[in-house]
Every structure is written in structure tokens, then in C-alpha cells.
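Asker: Please find the sequence and the predicted model below.
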Amino acid sequence: MKTPGKMLPKIWVFMFKKPVTVRYPKQRLEPPEKLRGKMKFYIDRCISCGLCARDCPSTACRMFEIDGKKRPVFDLDFCTFCAQCAESCPKDAIEMTAEFELAHYKKGEAIVK
Amino acid sequence: MARVKLPIGPQHPALKEPENFTITLEGERVVDVDIRIGYTHRGIEKLMESRTYTQNLYLVERICGICSYAHVVNFTQNVEAVLGVQIPKRAEYIRTLVLELERLHSHFLWLGVAGHEIGFDTLFMYTWQDREVVQDLLELISGNRVNYAMNSIGGVRRDLSDDQRKKVLEGMDYLEKRAAYYKEVAINEKTILARAENVGILKPKIALKYSAVGPTVRASGLTMDIRRDDPYASYAEIPFDVITTDTCDVLGRIVVRVLEVFESIKIIRYLMEHLPVGEVTMKVPRKIPVGESISHTEAPRGEDIHYLRANGTERPERYKVRTPTMANLPAIAEMLKGSYLADVPIVIAAIDPCMGCMDRVLLLKEDSEKPGDLISWERLRAYGIKWYAQRGWEA
Amino acid sequence: MGGIDLILALIYLLVFPGVVFLFTFSLFTEYMDRKLYARIQRRVGPPFFQPFADLVKLASKEDILPEKAEGFMFTAAPIFAVAAIFAAFLYLPIVSTTGLHSFNGDLVVVLYLLMIPTLALFLGGWYSGNVFGQKGGMRVASLLFSYEIPFFLALLSPALVVGSWKMADIISFQQTHPLTLIIGVLGFVIAVVSLQGKLERLPFDIPEAETEIVAGPLVEYSGRRLALFRLARDAEMVVGTGLITAVFLGGPLPLVSLQPVVLTWIVGAVLFLLKTLFVILLLILIKSAVARIRTDQMISFAYRWLIPLTLLQIFIIIIVRYAGWIP
């Protein structure tokens, strides 16, 4: 006859060990370096081709007239952090950093220019 | 005893996603089940028609959170078939790696959810803790824990470094130990056996009649696995076994999924040792020529079929998705008849329901309509106002 | 003298070990329960004031009376439960061999008072006007048939050893004969398992199975009434484990008796707390190691295993007494 409670040995051991919860924000886990977080835009490499805005799946990247040239503006409220813009850019003007703590209070606050 | 109609869902702690099962009960026995779907229909198939193929890559992922990569693989395989290109071997291997990692995380998640449905919260917490290892690996490889955005049309977007390979192998060693522990506990723990044995029986003939797929049908003894029947990505070159048991009940499904974890670990180890060198992506044109294609993969829940019709422009003309949960739903009605009320959550959870994947619009016909009539916007609005007025709320 | 007795009795009744003590101790046991359960699952668990915060939050929320519910019974059920438990607590020996009042048969009275919260849960579910609540209520009632009998019989077996229905006699007997626990260990195990069923905790928490009937009989309760039910549940745990401690583990008495009465009281209270916490630890271990079983499986488990083992225990006691090994 099988008795219930097969997990009891492990349970007894774990009762005395520390919990595995990471007490965020006092403790943090380091994200890997290639995490797709907020993007960084190098305006001097941009050639205004518009490929980033064409390929963005969520209209986060849109082209606006800035200083006489068309430049992309990234709205983080819409962004899905897929990095397609970084991939489509022929001049590597867009780079994804690992910054992911991007919460903000108002719509339209987080813009990358 | 009198028959009681009990609505399970759409909001219910047993269901992870909204769905309505109206159960007719006689005492504690289920006599009849009436299923209604449509609570999370998002219209993705229609949305895909107005986006380019590159944009669709990211929309297809979001059909589901747990089996997202299977959908992306299907999509890219469809487009690559229409284009007639063959992607590099290293890309195929990396795709298979992420597919198997996804299967691992999905099965661990499922074990935890099944434990939670029968009240075994300790198992739930332990399996989800181990699943974190898989999630960390996926984050390392692809940059995100869910919705990996790993594919591009023509290959994968990121390469695998040697360091990541080592980490994957380390992770596999840890997971194998934990999976062995769960195998011992799940099959030998008396209370789990009491809840899962002889519950939710699905005989092979009925499973075939209702075209069930995935571990649900493999637990009834049928060897149906797309990875073996119609290999895609690099499954043709990898030795692995298709796990079946023949107990036809929930316990069989638990056993099948736990043993599949071992098979996935075996596959991943093979992939990591035999990774070919080469390119990971290739250039493809933006406009896809006219053509049709069907592609199916073995998602963690079963067979997932996608159909694409391209018409020479940048946007697909028609895309259709049929997910495994859609195929398993009619089988639920058969499984639930004759079982106890207490078994309903575990039987529903045993097919690993993912309603987000599968939802369709459900049209309910009123008596005055002709069959097959589409409801217009004005009639729908009037229906809504009337419904609320009947319950005492004024518009 | 009459005045001081009255004041002492009032302090006993209201403060220690009375209402305030029971209140704080039951909140503390709920904290221990949740914290240990969390640590077993490698989580952090709530801080120590969490159960109190929960009660305060619940008491301050809106108290909705559903339209289909029967108002009087719906409100009265939690009040019955709390009142019965608090009354039962007064008979438990916490600081000395007697509770507030001790008489022949108080063990049976406590057992019957402990049955009232279960019935109150059934009534609350039945009168809530919701099909989920009625199903939950019916499950509570059908479970009554399974674990009450082994619980009663297991707790009455030490009374058979001693030959008296008075808890004070049982405790004094255990102080003079410390080996009675060994004869009664089977009864102790059965009492702990049946108490798990009585408190409706895993693996026997079918009436309140969250994933099946959405909180069972408590589904329509909110606000103050729900706070009272939860308090009754926590206090039931204290009284149930206190009863097991008193009857099997020797209650608040140490192995040697101490002279000044006040010292006996303090030591007694501490020992009572420790022994009760030990039984609660056993309950928590059972809770975290198993899954929930179905109603029919539970009834079959009770009738196939618990009741025959209890009868075996009684048989053993009868043989031991007949053979004269206990004077």
C-alpha cells in the first residue's frame, strides 16, 4: 500500500532553508546583457530612410520632421521591445540597451528621440 | 435527484483563461456539458491581413504566451515555403533548441497548474521554481522570457555563443534531477493517484473521432506526434522517442508530460553537441510571391496548424490558425460525462487549455434569424441594450 | 472574597486566558500556519501582523446581503460559530488542570461545542441562495459523517484509560502515569488526522475547494460576517489542538509539579502553547504534503481506515485495563 506524503522529506528540508524569493527592489537580479530594453538612438548615424518606422509592428516608431530632416521618434507606450527597428536600420543607428525599469505615470512621457 | 445547471466560467478559479462550461449535474455526477467560447477572441487573423510580413512576426508570437514560439515557427515556415528558400542548418538547430526549451517550460508550468487544480500547492511552487531555470536560459538566448522574437523570415535573429551553450547544458543537468524527482512523486504519491487515476477517460476510438491531439491523445495509446510523423526544423536528424501510455486517464497525461520532459532534455543535449557552424539568417525579399502553404508543428499542447495565402504584395491575403486546444475541446465534453463535479477542474486542466490561442467568435442564433445570417452592428447593439434592460439596468 | 473571585473570574473570562488571549493566539496560529506553509514552498510568507490586518480589512469592508439569501440565518451562522468556539475554549485547561469550570463530562461538552462551527458553515452555505454555496454546504454536511466519528472516539479513548469524563482527571492521571501516551499513540495519530478533516484543511478541504466551487459555503459572505467566520476557523484550530494537547499530551502540566501557584500558571501557559504549536506543526506538515481528495474518497478513507483503527485503539485500551497494567 502506498502511503501519502511522498514529498515529506523534501518538505522538512526546505522548511529550514531560505526562501528563493528575490526581494525586489532591495535585491536585484542582473539581467543578461542582450536583454531587449529601452532603445538608444544615435542621431548622427541616421540617414532618414524610414525603414525603422515601416517595420515597427506597433507604430511605436514614427517619422517626424525635426530640424528639417525626417527623424524617428520612439514612443515607449506602444513599443513591444522586439528590436525590429534596430535590425532594419542599415546604419546601426538604433541599439537596444538592457534598461527595463521603464514605468512612468503619464502617457506620452517616455519618448526616445 | 434534481438536475442542477452549474456554470463553470467564464470567471472561475479553476480556469486560467475565460471559457464557459455549463455543467448539468445530478447530485455530484456530471450528466451533460455545454461549452461556449469566444471570451478572449482578439481577431488576430484579421489583424494579420493589414500588416506586413515583418510586422506579423511579432503579432503571431502573441497568439499565446506559453506556446508562442511554435506559432512563429509555423509562420516563418509558411513564408519560407511560399518563397521556396531553405534556411541554413544552424538556424534550424537554434529554432529546434528554442522549441524544445519552450516545451520544457510549458510542461513544468502545466505540472504546477495541475497540482494547483487538485489542491497540491507545494508541487505548484516547486515546479514553477524549476521553471525559472528554463526562463533564465531563454532570456539569455533570446532577450526576453516570453515572446522571444527569435525568428526572422529566413532564419533566426540571434546567434548562440559558446558561453550560452555551456549554460544550457548546465541547466539541463539541473532540470534532469528535478524532473526525476517529479517523476517519482507524481507517479507514486497516493493522493495524486487518487485524484488522477481513472478520471477523465478518453478511449482511443473516441479520441480519433473527435480528432484530439497532443499529450491528451498520446495518453490513450495513439502515437501521434508531428515531430515524428512529418518532421520540420531539424527533428528528422535527432533521435528521440514518442512517449505514449495506454491508461487513457489524467494520470496517463501527467506521466506522458513528465516523460516528455526527459525526451526534450535528451534532444537539447543532442542539439548542443551537434550544433553546425554557419550562418544563422539569409536575406529574403520583402514582397512574397503568390502562393499557398500549410505548416504544422508540435506545440507543447499538440498539433498546431497554420495556413497562409500570399498574393504577391507585402501583406498576407489570408492567414488561418488552428491551435491544439481547439481540437481538444470537443473531447472534453466526452471526458466529463459521467465524472464527478470535483474532477471537472483537473480534467479540463489535463488537456492543458490555452483559450487565448484557440478562441473563435461564437455566434448564437436567436429564433428569428435565418441560419447562417451575420448579425449587423445595429442589431448587436439593440441586443445588448435589451439584455441589460431585462436585468434592470437602463442604457 | 466574593468580589475578588468575581474579578478574577472576569479577568479569566475576558483577558487571560479568555477572549483576548484566544483572539491573539488564534491570529498567531494563523500566522504560523501561513508562514511555515510558505517557507515549505520556498516563499517568504506574510509578516506577523497579517492575520490581524486581514481581519481589520474584512471588518471594514461592505457587508453585502444577497437578495436570495435568508437574512436572519445568514447573519446568525457566523455568530453561532464564534460563540460556540469561545464557549468551548473556556473549558480547556490552559493554566491548570481545570478551565474556568470543570465538571464530569466537560470533555463531551467541548466535543459537542466543537461541532457547532461545522453546522454553522453548513447553514451559512445553505441559506446563501447561491448554488455554489448550497453545494458547498451539502459537502460540509456529508463530510460530517466521515470524520466526526473517529474524532469523537479517538478523543474518548484516553477517557477510557482513566475511567472518567473529566478533563481535569485525565490530565492529573497523565502526570502521574507518563506512559499512557504510548498506549494511546494510535488514538493521537487518528485524532490529528480527523482534526485536519474537521478544520477542513488539506487534504480534506473539499467544502472550500477553491478550484471547484469557488469558496464553497462562504461564497456569498463578505465584510464583517466573513471576518467572523474566519475568526471562528482560526479559533477552532486553537481549541481543537488544545483539546488534543489536554487529552493526549498532558495539557499544561509539566512532568514535575511546581510550588507557587503563579509559577504553575506561567509554566502551564507556556507548556500549553508549546504543545499546541507542536500539534499545529503536525497539521501543517500534513497540509503541505498531499493533494485534495474527493468527497467519496474521503468518506471511504474514513470508514475503511480511520474508524477501524480507532476501534482497534479502544480494543487495545480495554485489554490493557483488563490485564491490570494500569492501576
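Answerer: Arrived safely.

Asker: In chain A, which residue sits closest to chain C?
Answerer: Closest approach between chain A and chain C, counting by Cβ to the nearest Cβ: A:G5, at 4.2 Å. (Glycine included, C-beta is placed from N, CA and C.)

Asker: can you count the residues close to that residue?
Answerer: 17 (other Cβ atoms under 10 Å in any protein chain shown).

Asker: While we're on it, how confident is the model there?
Answerer: Predicted confidence (pLDDT) for A:G5: 76.

Asker: Same question for C:S257.
Answerer: Here the pLDDT value assigned to C:S257 is 58.

Asker: Which pLDDT does the model give C:V109?
Answerer: At C:V109, pLDDT is 90.

Asker: what residue is smack in the middle of chain A?
Answerer: What sits nearest the mean C-alpha location of chain A, by Cα atoms, centre = their mean, is A:G37, with 2.5 Å.

Asker: Nearest spatial neighbour of C:V82, chain-adjacent residues omitted?
Answerer: If you skip the residues right next to it in sequence, C:V82 has C:A232 as its closest partner in space, 4.8 Å away by Cβ to Cβ, 6 or more residues apart in numbering or on different chains.

Asker: That should have said B:D343, apologies.
Answerer: Leaving aside its chain neighbours, B:D343 sits nearest to B:V199 (4.9 Å; criterion: Cβ to Cβ, 6+ apart).

Asker: One more: B:L140?
Answerer: For B:L140, ignoring the flanking residues on the chain, the nearest one in space by Cβ to Cβ, 6+ apart is A:P32 at 4.8 Å.

Asker: My guess is the one you found contacts B:E139. True?
Answerer: Yes. A contact is recorded between A:P32 and B:E139 when judged using Cβ atoms under 8 Å, the distance being 5.8 Å.

Asker: does B:D304 count as helix, strand or coil?
Answerer: When classified by DSSP: H, G, I helix; E, B strand; the rest coil, B:D304 comes out as strand.

Asker: All the strands of the stretch 1-150 of chain B, residue numbers only.
Answerer: When assigned using DSSP state E, counting those that start in this stretch, the strands of the stretch 1-150 of chain B occupy the ranges B:3-8, B:20-26, B:29-36.

Asker: Just after the helix ranked longest in chain A, pick out the following helix or strand.
Answerer: Ranked by residue count under DSSP state H, the longest helix found in chain A is helix A:8-15. Using DSSP states H and E, the helix or strand that follows helix A:8-15 towards the C-terminus is strand A:39-41.

Asker: Please, which helix or strand holds the residue nearest to C:V82?
Answerer: helix C:223-248.

Asker: Could you pull out the buried residues of the next helix or strand after that helix?
Answerer: Beyond helix C:223-248 on the C-terminal side, the first helix or strand identified by DSSP H and E is helix C:261-289. Residues C:264-265, C:267-269, C:271-273, C:275-276, C:279-280, C:282-289 are the ones in helix C:261-289 that count as buried (16 or more other Cβ atoms under 10 Å in any protein chain shown).

Asker: Also near chain A: which of those residues, exactly?
Answerer: Contacts with chain A within these, counted by Cβ under 8 Å from any Cβ of the partner chain: C:285-286, C:288-289.

Asker: so A:F64 sits right up against A:V73, yeah?
Answerer: Yes. Between A:F64 and A:V73 there is a contact at 5.1 Å, judged by Cβ under 8 Å.

Asker: Between the two, tell me which one has more neighbours.
Answerer: Regarding A:F64 and A:V73, a neighbour count based on other Cβ under 10 Å identifies A:V73 as having more, with 15 against 11.

Asker: do you know how far the more buried one is from C:K287?
Answerer: Per Cβ to Cβ, to the nearest Å, A:V73 is found 55 Å from C:K287.

Asker: again, but for C:M237
Answerer: Per Cβ to Cβ, C:M237 is found 11 Å from C:K287.

Asker: so what sits against both of those two?
Answerer: When Cβ atoms under 8 Å, 6 or more residues apart in numbering or on different chains defines a contact, the residues bordering C:M237 and C:K287 alike are C:D33.

Asker: What's the local residue count around the closest residue to chain C within the stretch 101-250 of chain B?
Answerer: Shortest the stretch 101-250 of chain B-to-chain C distance, computed as Cβ to the nearest Cβ: residue-wise this is B:G119, at 3.1 Å. Burial measure for B:G119: 26 neighbouring residues, criterion other Cβ under 10 Å.

Asker: Surely it is in contact with C:S288?
Answerer: No. Between B:G119 and C:S288 there is no contact, the gap being 10.9 Å when judged by Cβ under 8 Å.

Asker: Which residues of chain A lie near chain B?
Answerer: Chain A comes close to chain B at residues A:2-7, A:10-11, A:20, A:31-32, A:34-36, A:54-58, A:80-84, A:87-88, A:96, as judged by Cβ under 8 Å from any Cβ.

Asker: Quick check: the residue nearest to B:D32 when sequence neighbours are not counted vs B:I8, distance?
Answerer: Excluding its sequence neighbours, the residue lying closest to B:D32 (Cβ to Cβ, 6+ apart) is B:T24, at 4.1 Å. Counting by Cβ to Cβ, the gap from B:T24 to B:I8 is 12 Å.

Asker: B:F240 now?
Answerer: Computed as Cβ to Cβ, the B:F240 to B:I8 distance reads 37 Å.

Asker: right, is the helix ranked longest in chain B up against chain A?
Answerer: Longest helix in chain B, counting residues (DSSP H): helix B:89-117. No. Helix B:89-117 stays clear of chain A (Cβ under 8 Å from any Cβ), getting no nearer than 10.5 Å.

Asker: contacting residues around stretch B:184-200?
Answerer: Defining contact as Cβ under 8 Å, 6+ apart, one finds that stretch B:184-200 is touched by A:2-7, B:111, B:118, B:120, B:123, B:247, B:249-251, B:254-255, B:258, B:335-336, B:339, B:343, B:346-347, B:350, C:203, C:290-294, C:297.

Asker: And the residues you listed, which of them are buried?
Answerer: A:4-7, B:111, B:118, B:120, B:123, B:247, B:249-251, B:254-255, B:258, B:335-336, B:339, B:343, B:346-347, B:350, C:203, C:290-294, C:297.

Asker: mind listing which of the residues you listed are in helices?
Answerer: Per DSSP H, helices hold the following members of the buried ones among the contacts of stretch B:184-200: B:111, B:123, B:250-251, B:254-255, B:258, B:335-336, B:346-347, B:350, C:297.

Asker: Run a quick neighbour tally on the closest residue to A:E87 other than its chain neighbours.
Answerer: In space, not counting the residues next to it along the chain, A:E87 is nearest to B:R157; the distance is 6.5 Å by Cβ to Cβ, 6+ apart. Residue neighbour count, defined by other Cβ under 10 Å, stands at 22 for B:R157.

Asker: quick one: contacts for B:R157?
Answerer: If you count contacts by Cβ under 8 Å, 6+ apart, B:R157 has them with A:83, A:87, B:149-151, B:280-281.

Asker: hang on, isn't A:F78 packed against A:R62?
Answerer: No. With contact defined as Cβ under 8 Å, A:F78 does not count as touching A:R62 (9.2 Å).

Asker: Pull the number of nearby residues for residue 51.
Answerer: With no chain named, the answer covers chain A. 18.

Asker: let's do chain C instead
Answerer: The burial count assigned to C:P51 is 22, neighbours taken as other Cβ under 10 Å.
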